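[1] coordinates only, sequence not included:
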């Protein structure tokens, strides 16, 4: 072997050793260190959320990002929300989200909810009601639905409270729901069976006053209308709004006059309105009896007694009028000899001069039916719920108490 070849070979070996040492010193052969930094978290839907509902805080959660989500985060961090359930609470979804799916900014609606005053059509008034789940189609009635409002009440007469009967009638037809649960947002959550659900309805001024009055007189029920009827009512409402007219839908010819009087402040809703809606026949008033002859007895200038003359001819007969048998051929003009005088006869329904008073006009009255399930303090089931779900009022002395 020539010396030149051996030198060249040794030179290559030397270069290889130098490269090996250099690689070793630079850590080329060291194993890469595994990163121990946790990936950032992302806010997710804790359950399936349909489109167009406000996210309740309990339906949002957080978890670490997946590799794909982290790569998207590095590419466009502005699309991601803060990793906190509070960041999405009250926001409305722009699309349906599956459970566990990350919530991005583009998945939420940016617009603010429509204000209450913008939801009320011209000439209409809002009225608040609170009904049980079983009285509102299982609580499934939503904002924008059209419903009929029915009243179930106990009817009795003012002169006889023992002759009560329970009746149900529709007191407002085709009213629109403009709020639910006292919020502008469409809340998506379960409803307990004994929970009172607040609704705000849009009705004409008369029907709004009638519904507000009926709340005190019985239990209200909201009945959803079929889609075909709702579409027709919605079209009619939009047409009236476009023309600038009142959106009030009248149920009869007299309702326009009642609306005008309500707005003028010279009409009040009462039991007479409910009696008309329930179709109750007017209560007849018995005629005022003719007063019998009455003589005041004086001795000198001193009044001694009063003598009332009662007909001596079968006064118990139903055919006898106050002055005898009006069907008799005998003249109704009678002398005092036809009467029997009785001193100091007391009249329970007479004025100070002994004249019979006109009988009181009986009227229909309405009250909330008393259910079989009563609490210890005598409240009905509905009344007990109202007490439990409303805070006690504050007395003048600052203490809390149950209102009467």
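    Yep, it's here. Quick caveat: nothing in here was measured; it's all calculated off a predicted structure.
[2] can you pull out the helices in the stretch 201-350 of the chain?
    Per DSSP state H, counting those that start in this stretch, the stretch 201-350 of the chain carries helices over the ranges 205-214, 227-242, 254-264, 271-277.
[3] Tabulate those helices (JSON lines), appending mean neighbour count, distance to residue 81 and mean pLDDT.
    Backbone N, C-alpha and C define where each C-beta goes, glycine included. Putting those into JSON lines (neighbours: other Cβ atoms under 10 Å; distance: least, Cβ to Cβ, whole Å; pLDDT from 0 to 100) gives the following:
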{"stretch": "helix 205-214", "mean neighbour count": "22", "distance to residue 81": "41", "mean pLDDT": "94"}
{"stretch": "helix 227-242", "mean neighbour count": "13", "distance to residue 81": "35", "mean pLDDT": "90"}
{"stretch": "helix 254-264", "mean neighbour count": "15", "distance to residue 81": "48", "mean pLDDT": "90"}
{"stretch": "helix 271-277", "mean neighbour count": "17", "distance to residue 81": "52", "mean pLDDT": "92"}
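[4] Tell me where the stretch 251-400 of the chain is predicted with low confidence.
    For the stretch 251-400 of the chain, applying pLDDT under 70 flags the ranges 285-292, 308-361, 371-400.
[5] that older thread, right, and the helices of the stretch 201-350 of the chain - which one's nearest residue 221?
    helix 205-214 (10.9 Å; Cβ to Cβ).
[6] For the helices of the stretch 201-350 of the chain, give me CSV that also has distance to residue 117.
    As requested, those are arranged in CSV below (distance: least, Cβ to Cβ, whole Å):
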stretch, distance to residue 117
helix 205-214, 15
helix 227-242, 14
helix 254-264, 18
helix 271-277, 28
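[7] and residue 154, which of the ones you listed is closest to it?
    helix 271-277 (11.5 Å).
[8] Pull the residues that contact that closest one.
    Residues outside helix 271-277 that contact it (Cβ atoms under 8 Å, 6 or more residues apart in numbering): 151, 153, 169-171, 210, 213-214, 217, 363-366.
[9] So which bits of the helix or strand residue 20 falls within are buried?
    Residue 20 is part of helix 3-25, with elements assigned from DSSP states H and E. Applying a neighbour-count criterion of 16 or more other Cβ atoms under 10 Å, one finds nothing buried in helix 3-25.
[10] Which helix or strand lies directly C-terminal to it?
    Next along from helix 3-25, by DSSP H and E: strand 41-45.
[11] List the buried residues of that next one.
    Quick answer for strand 41-45 (16+ other Cβ under 10 Å): 42-45.
[12] So which of the residues you listed is the closest to residue 303?
    residue 45 (93.9 Å).
[13] any idea how far stretch 267-276 is from the chain center?
    Centroid displacement of stretch 267-276 relative to its chain, using Cα atoms, centre = their mean, to the nearest Å, is 20 Å.
[14] Quick one: end-to-end distance for it.
    Its first and final residues considered, stretch 267-276 spans 16 Å by Cα to Cα, to the nearest Å.
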